[in-house]
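Q: I'll drop the sequence and a predicted model, then ask my questions.
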Amino acid sequence: MVTIRRMEKLIGVVLLTGVLASAAIVLFGGVLYMWRHGSTPVHYRIFRGEPSDLRSLSGIWDDFEHGSGRGAIQFGLMLLVGIQVIRVALTGFLFLLNQDKVFVVITFLVLALLSYALFFAGE
């Protein structure tokens, strides 16, 4: 059985580590992007959305691997979202270890809603 204090500490460490890693990656990507494209003039009359390669997980990963600043920023933001999913899954697992059935069900429902929103709501 896991005590509430240990659960809180474990979840806190996971969140802190994930947020700091995400912030570092986004900062790195921002600096890299500004280094390469900071002097490029901006045309506010023309809207350019995200390139198609930054609209999928595989495209984001490929751009991140190849040292793209935009890819690093997108990857850091995806990590920030992913750490919340990991937190919910970890909470559900810890509730399962404590045999707290009500909270296991609630956590499973939250995880199901998060999964639906991330993978199927945009279609």
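A: Done, it's in.

Q: Name the residues that touch the helix or strand where residue 115 lies?
A: Assessed by DSSP states H and E, residue 115 sits inside helix 101-119. Residues from elsewhere that reach helix 101-119 (CB atoms under 8 Å, 6 or more residues apart in numbering): 81, 84-85, 88-89, 91-92, 95-96. For the C-beta atoms, the positions are set from N, CA and C on the backbone; glycine is no exception.

Q: And those residues, which is closest to residue 43?
A: residue 81 (30.0 Å; CB to CB).

Q: show me the contacts for the closest one.
A: Going by CB under 8 Å, 6+ apart, residue 81 touches residue 118.

Q: ok, so what distance separates it from residue 60?
A: Separation of residue 81 from residue 60 (CB to CB, to the nearest Å): 12 Å.

Q: helix/strand/coil for the residue lying farthest from the centre of the chain?
A: Going by CA atoms, centre = their mean, the residue of the chain most distant from its centre is residue 45, 31.3 Å out. Three-state call for residue 45 (DSSP: H, G, I helix; E, B strand; the rest coil): coil.

Q: Can you give me the pLDDT of it?
A: pLDDT, residue 45: 86.

Q: Figure out how far the helix holding residue 115 is from the centre of its chain.
A: Relative to the mean C-alpha coordinate of its chain, helix 101-119 is positioned 17 Å out (CA atoms, centre = their mean, to the nearest Å).

Q: Pull out the buried members of the contacts of helix 101-119.
A: Neighbour-count burial within the contacts of helix 101-119 applies to 88-89, 91-92, 95; the criterion is 16 or more other CB atoms under 10 Å.

Q: Looking at the contacts of helix 101-119, which is nearest residue 20?
A: residue 84 (14.5 Å).

Q: ok, the residue lying closest to that closest one once chain neighbours are set aside to residue 7 distance?
A: Excluding the flanking residues, the one nearest residue 84 by CB to CB, 6 or more residues apart in numbering is residue 114, at 7.5 Å. Distance, residue 114 to residue 7, using CB to CB: 19 Å.

Q: what are the phi and psi angles of residue 55?
A: phi -110, psi 0 (degrees, to the nearest 10).
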